[in-house]
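Undergrad: 3D model of this:
(3 chains)
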Amino acid sequence: MITKKTLSRRTMLRGAGAAIALPMFDAMAPAMNSSSIPGKAPIRMAFTYVPNGLDMRHWTPKQDGAFVGELPKILKPMESMRQDMTILSNLTQNNGRALLDGAGDHGRCCGAYLTGVQPRKSFVDIKAGISCDQIVANQVGGQNRFPSLEVGLEDARQAGDCDSGYSCAYTNNLAWRSETQPLPPVLDPRALFERLFGKGAALNPEERARQTKYRRSILDFVTADTRKLQGDLGPTDRRKLDEYLSSIREIERQLEKAEKDNAQVNPGMPKPYGVPADFAEHFKLMTDMITVAFQADMSRVVTFLVTREGTSRPYREIGIPDGHHPLTHHQNKQELLDKVTRINEYHMVQFAKWMEKLKSIKEGDSTILGNSMIVYGAGLSDGNRHTHENLPVMIVGGGGNTIKGGRRITYRKETPISNLYLSMMDRMGVRIEHFGDATGRIDGLNLA
Amino acid sequence: MGVVFDSDMGSRVETALALSVLYGLDGKNECRVVSISSSRTSLLSAAYCEVVGRFYAGAVSGAIFSIGRTLPVGLAADGKIAGDTPILTGPLSLKKPDGSPTYEHGIDELIDTAEAHGLIRNALTAQHDQNAAVVLAGPATNLLKVLSLPGSKALITAKVKHLVCSTPLAAKELEAAGWPSPIVAVSPSVGSAVLFPAATLEKEFAAFPAHPVADAFRVQPHDAPTGELAAVLYAVRPADKAFALSESVGKIRQLLLETADKERLLAAYIELATAKPVVRQPRFRPPAVDAKKPDVPPAKP
Amino acid sequence: MGPVAHKGPFVWSDRRGNVTSTGGAALNTIVVYMPIVSLRSVAKAVLSACAALLAAQGPAKPTFDHSVQPLLTKSCLSCHNDRLQSGSVNLAPFVNPATVLANREDWEKVVQKVRSGEMPPKGLPRPSIEQIGAFTAFIESEWERADKNIKPDPGRVTARRLNRIEYTNTIRDLLSVDFRAEKDFPTDDSGYGFDNIGDVLTISPILMQKYLEAAETISSRALGADPLPAKPVEFEYHSKTKSVRRLDRSNIEATHRVDWDGEYEVTIGLPGERAKDALPVEMGFWMDGKLIDRRMVETKPSGLVYFNPYSEEHFRIFLPEGDHVFRAGFIGDEFVKTFGADKEAFSDKRNKFLNMIKFIGPYPTKVERVGRKRVLICDPNTGAACVTKILTALTRRAYRRPVTRADIAPLEGFVTMARKEGQTVEQGIQLAIQAVLVSPHFLFRIEKHPSPNDPLRVAKVSDLELASRLSYFLWSGMPDDELLALAEGGKLRSPGVLEAQVKRLLADNRSAALADNFAGQWLEIRNLDSVKPDPQKFPEWGPELRDAMRAETRLFFENVLRENRPLTEFINGRYTFLNEMLAKHYGIPGVSGPDFRRVELTTDQRGGILSHASILTVSSYPTRTSPVIRGKYVLQNMLGAPPPAPPPDVPPLDESAAAASVGSLRQQMEKHRTNAVCASCHNRMDTLGFGLENYDGTGKWRAKDGKFDIDVSGTMPNGKSFQTPAEMRTLLLDQMPEFTRCITEKMLTYALGRGLERYDRRTVEAIGKKLAANGYPFQLLVNEIVQSLPFQMRRGEAPKQVAQR
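TA: Coordinates of the predicted model:
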């Protein structure tokens, strides 16, 4: 794990080796800022999504305001961070509801979760909205090498129908780049590693420079080729190729970014090989890398789809052979309920380890956690009845002294969760008037 | 037809009567109550709405209970706190012999209610196109805020067949603010033309051991004007011969009465307002598992 | 369920096709969509409605006034009239035969609502099933007649990006490089149940990034430009470090990244020893599920003195670059089953097992780089002419069409560029290949059209485009030289040529792709990788069994395909393909050894694919069977009549609850099925699902479910009833027309890479008739699809269609 110190030292050395170039210092800047100039630290935003609702009996603290006594069962693993977390009650995702579209609450609640719109019920012609993380990525992500990172732990479903008429795209993805283009999460630790630190982590600066040069001219070549091609195509085909072109432009942007800073971030971990069999290990690997990305300010926006919405993954790791989704239709049978609770706790234990790590890393007079807003939650509250009101929502981290934790805040009934997103976007420096079904911003986050 | 009912409940007993007429129609399957909200910034106002809703046993749930939620009452929270009127305190302070309140409700603080304009918007999203009516019995406060929500105008255009206002003033405000659907304003003459007889307290209402609307009426029994009742009835039965519409001025058409039909109209009001509650079975969806033990512990020490 | 099923008329009208024969099919549609019918009334409904329909077919030809007008006036107009216009719907104008065709869209809504029982709303008197039958039947017969007269429409396919498998195969055939896109690229979204649908195959920046990187790796691997590292590297995966997965008592698995094509020294760690008289056991070594090495391993004590008995197996083997899942294990090792607790099974005093896989390498390989030879057809150092020759030859195959000067010039530019950077000509060519591999001409299958914006303009796809359609349909890969040459020569459509090519492609091993990709998705076999049966409940489950299950269905499908067997064999073929392990699973004696062979089925416990363990497993929950899922599976994948999504607000019928409480699953569910609306669909689903209850969650035969006897008996919607799975299969044979339509729709969807539309109905029906007339030979199906209008032609598209999206 890198600390500011080693990061800076490494970079100086590299710099010395590869002729001291200013861009390198630019690259260093965020990390230095965060250490040297208090309060100037970058604010990060992440959404951690767990499927199939939660056992709300063991989620919601008994009373409003400051936490009193023991935390509820599911939150217990967060004990050491109780002052850094806030539970938000009564937030609702109205667009996850049927609204005349019939069955398919799982597909809908996940498709609506960060987009705040009613996903189109379709297999093929998918349509939701641009998600709040992507709005931030578009507006302020430009200053980071990766405007946003999409991470997940469960392989996408291969064949068959995902939820009564909803494309798997809705349950496999959290982030939506446009209303028709979901961003698939990276599942393989190695893939994430290479995305962050480059396949050519081994290449020397000259080689990397040449690789970049080659890639650029190749991209120019195909762009030109594509434009020629588009002329004699029908509308839909042309649209397909536009998609292709816009992806190319995004890569070019990343190349520019990469070119500017030759600074190699030290992952502080060996390159992982393949997907670990152990869920906890997988969770740790991915979140370790997100942590590095936060720390070196490679990215400030993350969506983390722990497992697919509606997943039937069993949890033998903790002796639960039954599928998660069938279990959540527990009909309030104690035996089934308990298993659901244990799965919820198991997820929280992993999440808490990540939060502890973020808290353990100093950043100026604060910590990375202090400068972050990490939302943990689900698209359903009661997985048994598929309810979309009073969703389980926890926000961890101080958002750079703009969020006071250690409390439960209960909002008025039916308050759109999109209101929370607006308030978070404000803190990311993205001020927009309307988002999804928001009716305004939520108050009280920073009040004592 | 889904009906959104917004009022300043508590200012006039007429409003309570209008609400009971609305539930009467719901019970006859002529409409569904999809949202209830109050522009009177007073918890008791919301509490009373909920009491009436509970009295009509889940009718308030309408289409919405059926997807596993009870509809909270919407309340305008940013107005200045309005005083509590006898119409509200009267029924709400009644006690059973054992000292427990006659009318239970779950509204003790603001968070037990919903933001009115959001609630109304959400209720509309769940309606079929052109299959919703909005009844406004009071100031336009909440509906104006609905208009301020992004996309609300498109939503209203799609869903709302007509908006019926009990007062021309409110109608004009909403027209000015660009309310997109057709607007009908109850002409002032309508309310006084037919009076809801206090006598019903001894007759029809007497049949009920406890009736929150009757108890509100008892506070000061008088023959009450029926402008708001007309608004409700027209919203659901636009074709009723008792009603006539003026030529439209701007977007607004005035609601007038065919004098010939007064008797029948009054009979209809009485029948609907004093109709027995009809418990609507929530469609297919199992209700909250154990009503006594809600999933979430109440948000109070 | 595929959207095709949403198209009421589509499903329905085809049903009507055979009303006169059985009537059953027609009625089950009615019944399914009619809420509030108890089983008994279903039966009644069947008879009466059957009568009604037959009558409707009979002498008194159905008329609008007779079949539609009464219901319309009685049940609809009371609310939807000029005055009330409830829900602002006014049906008054529709009391007019002309509107049936003139306002078809509106009528479709009406029919849908009436059939689904959504209208008339609850509480109002509803028309009899007979009336509804006649009502919908008449209207849809009108539409059918109308459709007969409209101009045939081949539809249009959106430019298809190669999906992961197509990319892998294309690279394999183009450069002979073994690159596994499945491992590297994000999952392709699928639509209509397949992952080769043009409309859903999107490109995200991540994928673009992957394409770039893949192009670099692949081109360098093809030319072998990168030298191997001087010193071999060692990777060890050990159970101690938790870096190997213990799949079961005799299998371990590790995911390993091979960074260079080359030879590697593989070492397997084998702690422990068995009894003195223990027999040697066969050890296998698999890469990505493919057995690449097998050897006998001694298990009896070595005689040497150990504190901890331990031995190793070493072998050298060529491994291709990429992420691979390596598995080492004992094949058909009975001995471990003798242990109770795992603790004993992993005691090195009692047993010999596996705990380590080590790779040392790479070592220079003797395997010659085929790719290199394919690309460097002359010595590029001899000058520009050769470079041009190389690039032209390669690009022609990569773009699957003849190339022009304009295609080649920029590529030559890359060679020059590399030279300027001080690299070799070969490295320059490598760079040019990189460019080719990210070009839209390579990544997409784009079909030109004379007037792309004119929806009415129908045109043949070019021979070259047809060649690609053919190869990607049958091989999920690029056309080979013969096919490409024929297309270039414009000979592909000459008499007999296409048939010959289809035959040739099917005979080629590459047509296994049809089994993996078409059957794999049609029958959901691919889900075998994601299902996780509970080892407590199903101890025999393991990767070996999983692979065996997959192999059975694949081999069976390939047999029907290559031997051109009739489709009926899918339903009750009297043979299958087994190895010892699977045969044991099925309780079929006399099959020994790990190799698969054809086995004739003598008992009627099994027959057809519905008794394949693969299918029975993917249609179960981890801990138990699910009649609902299985019933839905049969309706959806065999009969092409997926149950409609539950109407608004209907919660899923809750099996987990049922399973958790007392009584057999069936009793529980029948108790649960009190809600008439749920019942209307579940009666039908569950009848089929329960018919398969004799097979447990992994397809093992069973007579009891726990302590409860199993009752598989059921009654088909057409009134015929069955007592055993075998009888059910026989009854399913009555539904060959449905099954044929189902597989035709699925395969046409897969072949075209688009969802089917109403105008494709004629193609599907024609193929169905032809198959029925000829006894359903499989290859006829393939040929008919290849010859069909939508496969041969395409039309333009009006710009506004997209605007609406």
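Undergrad: same for the strand or helix carrying C:Val560, what does it pack against?
TA: Using DSSP states H and E, the element containing C:Val560 is helix C:543-562. Using 3 or more Cβ pairs under 8 Å, 6 or more residues apart in numbering or on different chains; DSSP states H and E as the contact test, the elements touching helix C:543-562 are strand C:251-258, strand C:322-330, helix C:497-507, strand C:575-578, helix C:580-586, helix C:613-618, helix C:778-787. The way it works is simple: take the backbone N, C-alpha and C, and place the C-beta from them, glycine included.
Undergrad: can you say which of the ones you listed is nearest to chain A?
TA: Ranking those by proximity to chain A (Cβ to the nearest Cβ) places strand C:251-258 first, at 2.8 Å.
Undergrad: give me the residue from the stretch 101-250 of chain A nearest chain B.
TA: When scored by Cβ to the nearest Cβ, the stretch 101-250 of chain A has A:Gln118 as its residue closest to chain B, at 7.5 Å.
Undergrad: how about the helices in chain A?
TA: A:4-17, A:22-36, A:105-113, A:132-140, A:168-172, A:189-197, A:205-230, A:235-260, A:279-295, A:324-328, A:334-360, A:417-427 (DSSP state H).
Undergrad: give me the pLDDT for the closest residue to C:Ser721 other than its chain neighbours.
TA: Excluding its sequence neighbours, the residue lying closest to C:Ser721 (Cβ to Cβ, 6 or more residues apart in numbering or on different chains) is C:Thr715, at 4.1 Å. C:Thr715 carries a pLDDT value of 79.
Undergrad: let's check: the centremost residue of the chain is which one?
TA: Went with chain A since none was named. Central residue of chain A (Cα atoms, centre = their mean): A:Thr303, 1.2 Å from the mean position.
Undergrad: my bad, chain C
TA: Centroid-nearest residue in chain C, with Cα atoms, centre = their mean: C:Gln521, separated by 0.9 Å.
Undergrad: contacting residues around the strand or helix carrying that residue?
TA: Taking DSSP H and E as the definition, one finds C:Gln521 inside helix C:520-522. Identification of contacts with helix C:520-522 by Cβ atoms under 8 Å, 6 or more residues apart in numbering or on different chains yields A:158-159, C:190, C:193-195, C:526, C:554, C:637, C:743, C:746-747, C:750.
Undergrad: one more time with 6 Å, if that's ok
TA: Residues outside helix C:520-522 that contact it (Cβ atoms under 6 Å, 6 or more residues apart in numbering or on different chains): A:159, C:193-194, C:526, C:746.
Undergrad: starting at the chain centroid, how far to it?
TA: Computed by Cα atoms, centre = their mean, to the nearest Å, the separation of helix C:520-522 from the middle of its chain amounts to 1 Å.
Undergrad: quick one: average pLDDT of it?
TA: Averaging pLDDT along helix C:520-522 gives 95.
Undergrad: what of stretch A:390-406?
TA: 95.
Undergrad: what comes up buried for it?
TA: Using 16 or more other Cβ atoms under 10 Å in any protein chain shown as the test for burial, stretch A:390-406 gives A:390-400, A:402-405.
Undergrad: any idea which of those is closest to B:Ser246?
TA: Nearest to B:Ser246 out of the buried residues of stretch A:390-406 is A:Asn390 (Cβ to Cβ; 46.1 Å).
Undergrad: my guess is the closest one meets A:Ser381, correct?
TA: Yes: the criterion here is Cβ atoms under 6 Å, and A:Asn390 meets it with A:Ser381 at 5.2 Å.
Undergrad: tally of neighbours for C:Thr392?
TA: Other residues near C:Thr392 number 17, with proximity taken as other Cβ atoms under 10 Å in any protein chain shown.
Undergrad: which residues does it contact?
TA: So C:Thr392 contacts C:403, C:408 (Cβ under 6 Å, 6+ apart).
Undergrad: nearest spatial neighbour of C:Arg396, skipping sequence neighbours?
TA: In space, C:Arg396 comes closest to C:Val403 once its chain neighbours are excluded; the distance is 5.1 Å by Cβ to Cβ, 6+ apart.
Undergrad: over to C:Arg419?
TA: That would be C:Gly428: by Cβ to Cβ, 6+ apart, it lies 5.8 Å from C:Arg419.
Undergrad: any idea what B:Leu195 is bridged to?
TA: B:Leu195 has these beta-bridge partners by DSSP bridges: B:Pro225.
Undergrad: neighbours of it, how many?
TA: Using other Cβ under 10 Å, B:Leu195 has 14 other residues around it.
Undergrad: for C:Met417, same thing?
TA: Neighbours of C:Met417 (other Cβ under 10 Å): 16.
Undergrad: that one should be in a helix, yeah?
TA: Yes: counting by DSSP: H, G, I helix; E, B strand; the rest coil, C:Met417 is part of a helix.
Undergrad: returning to that earlier point: could you pull up the mean pLDDT of the helix holding C:Val560?
TA: Per-residue pLDDT values over helix C:543-562 give a mean of 94.
Undergrad: and that helix, how far out from the chain's middle?
TA: 13 Å.
Undergrad: okay, the angle between it and strand C:251-258?
TA: 70 degrees (axes from the mean of the first three to the mean of the last three Cα atoms, to 10 degrees).
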